[in-house]
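**Student:** Sequence and computational prediction follow.
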Amino acid sequence: MIRFENVGLRYGMGPEILRDISFQIPPSSFQFLSGPSGAGKTTLLRLLFMSLKPTRGLINVFGKDRSRITRQELPLMRRRIGIVFQDFRLLDHMTTYENVALPLRVRGREEASYRADVSELLKWVGLGERMHVLPPVLSGGEKQRAAIARALIEQPEILLADEPTGNVDPPLARRLLRLFIELNRLGTAVVIATHDLALMDQVDARRMILSGGRLDIYD
Ligand SMILES: Nc1ncnc2c1ncn2[C@@H]1O[C@H](COP(=O)(O)OP(=O)(O)OP(=O)(O)O)[C@@H](O)[C@H]1O
């Protein structure tokens with residue numbers, strides 16, 4: 001589904017943050033991406049989401065060579081990838097419901113065609129009662145779940161989540177993890193960047209560990 005071959009990345013003239021990174025994300029797989037702070041987890045997620053280009057190596061996304069994907073093709077490809085950013089990136093002047101529905105609205109879909117889907121998804125992440133409030137009044141965990149719902153509304157084939165349990169207490173972290181596992185059971189590939197060892201210990205999943213610019217994989 002996504003394949004990296006000897007990928008390297010440096011920002012500007014800086015040092016190489018990622019070096020000779022090779023791995024595959026198979027369809028319907030579940031993996032954690034871990035490593036110390038500054039190891040390059042967010043950078044690797046950005047390469048997966050195609051918001052960064054590698055400085056060397058090959059990246060193949062859904063059968064296409066990344067270097068041949070045009071700017072025009074990118075939005076369509078990205079629709080197949082859901083991403084939850086570390087800082088959520090919710091729009092404060094729109095309700096939770098509107099935030100989640102936004103990707104569909106942008107595509108010109110009629111509200112009547114998606115209203116039930118958005119409501120159902122918000123109920124699934126436990127925000128049924130918070131649908132019509134603005135993000136500033138949501139708790140950190142609620143914002144996190146709203147961001148997850150927005151990433152899932154277009155039924156992506158792969159979900160990338162950057163420290164999704166970073167701002168929540170352990171019971172909520174377990175609940176979010178159950179949500180990701182359930183999503184994975186339904187067929188979505190999941191990549192969770194985290195340095196929460198306790199979280200990783202709860203699932204027997206593949207671990208991709210970044211350190212010193214290199215990636216080690218433990219299946
Ligand atoms: N836009 C940028 N320009 C220059 N350097 C950057 C940029 N973004 C990240 N870096 C550097 O790249 C390295 C990796 O950063 P990255 O955010 O990918 O690490 P991380 O593993 O996600 O860290 P954390 O766990 O703290 O979120 C760091 O040294 C960081 O300072």
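**Tutor:** Received, thanks. Numbering: from 1, shown residues only.
**Student:** you'd agree Pro136 is up against Leu90?
**Tutor:** No: using C-beta atoms under 8 Å, Pro136 is not in contact with Leu90; the gap is 9.2 Å. In this view, the C-beta of every residue, glycine as well, is placed from N, C-alpha and C.
**Student:** Between those two, which is the more surrounded one?
**Tutor:** Neighbours per residue (other C-beta atoms under 10 Å) separate Pro136 from Leu90, with Leu90 holding more: 21 against 9.
**Student:** Got phi/psi on that one?
**Tutor:** Phi and psi for Leu90, reported as degrees, to the nearest 10, are phi -90, psi 150.
**Student:** Return the residues in contact with it.
**Tutor:** Residues in contact with Leu90 (C-beta atoms under 8 Å, 6 or more residues apart in numbering) are 96, 99, 135, 143, 146-147, 150.
**Student:** Within range of the ligand, give me the residues from the protein.
**Tutor:** Within the chain, the positions near the ligand by C-beta under 6 Å from any ligand atom are 11, 14, 17, 35, 37-43, 195.
**Student:** Among the residues you listed, name the buried ones.
**Tutor:** 17, 35, 39-43, 195 (16 or more other C-beta atoms under 10 Å).
**Student:** what helix or strand does the residue most central in space within the chain sit in?
**Tutor:** Geometric centre of the chain, nearest residue: Leu160, 1.9 Å, by C-alpha atoms, centre = their mean. Counting by DSSP states H and E, the element that carries Leu160 is strand 158-162.
**Student:** before we move on, what about Thr42?
**Tutor:** Under the criterion of DSSP H and E, Thr42 resides in helix 41-48.
**Student:** Now the longest helix along the chain: average pLDDT?
**Tutor:** Across the chain, the longest stretch assigned as helix under DSSP state H is helix 170-185. For helix 170-185, the mean per-residue pLDDT is 88.
**Student:** Could I get the buried residue list for it?
**Tutor:** Per 16+ other C-beta under 10 Å, helix 170-185 contains these buried residues: 172-173, 175-177, 179-180, 183-184.
**Student:** again, but for stretch 160-171
**Tutor:** Burial within stretch 160-171, assessed by neighbour count using 16+ other C-beta under 10 Å, is assigned to 160-165, 167-168.
**Student:** Dump those residues into CSV; add distance to Leu74 as well.
**Tutor:** Putting those into CSV (distance: C-beta to C-beta, whole Å) gives the following:
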residue, distance to Leu74
Leu160, 15
Ala161, 20
Asp162, 19
Glu163, 25
Pro164, 24
Thr165, 29
Asn167, 29
Val168, 31
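**Student:** Between those residues, which sits nearest Ile21?
**Tutor:** Distance to Ile21, by C-beta to C-beta, is smallest for Leu160 among the buried residues of stretch 160-171, at 15.4 Å.
**Student:** how much space between that closest one and Ala146?
**Tutor:** Distance, Leu160 to Ala146, using C-beta to C-beta, to the nearest Å: 17 Å.
**Student:** can you check Ala198 too?
**Tutor:** As judged by C-beta to C-beta, Ala198 and Ala146 stand 24 Å apart.
**Student:** neighbour count winner among the two?
**Tutor:** Shown here are Ala198 and Ala146; by other C-beta under 10 Å, Ala146 has more neighbours (26 against 11).
**Student:** Tell me if I'm right that the more buried one and Phe88 touch.
**Tutor:** Yes: between Ala146 and Phe88 there is a contact under C-beta under 8 Å: 7.3 Å.
**Student:** what is in contact with these two at once?
**Tutor:** Counting by C-beta under 8 Å, 6+ apart, the contacts common to Ala146 and Phe88 are Pro135.
**Student:** Cool, thanks, talk later.
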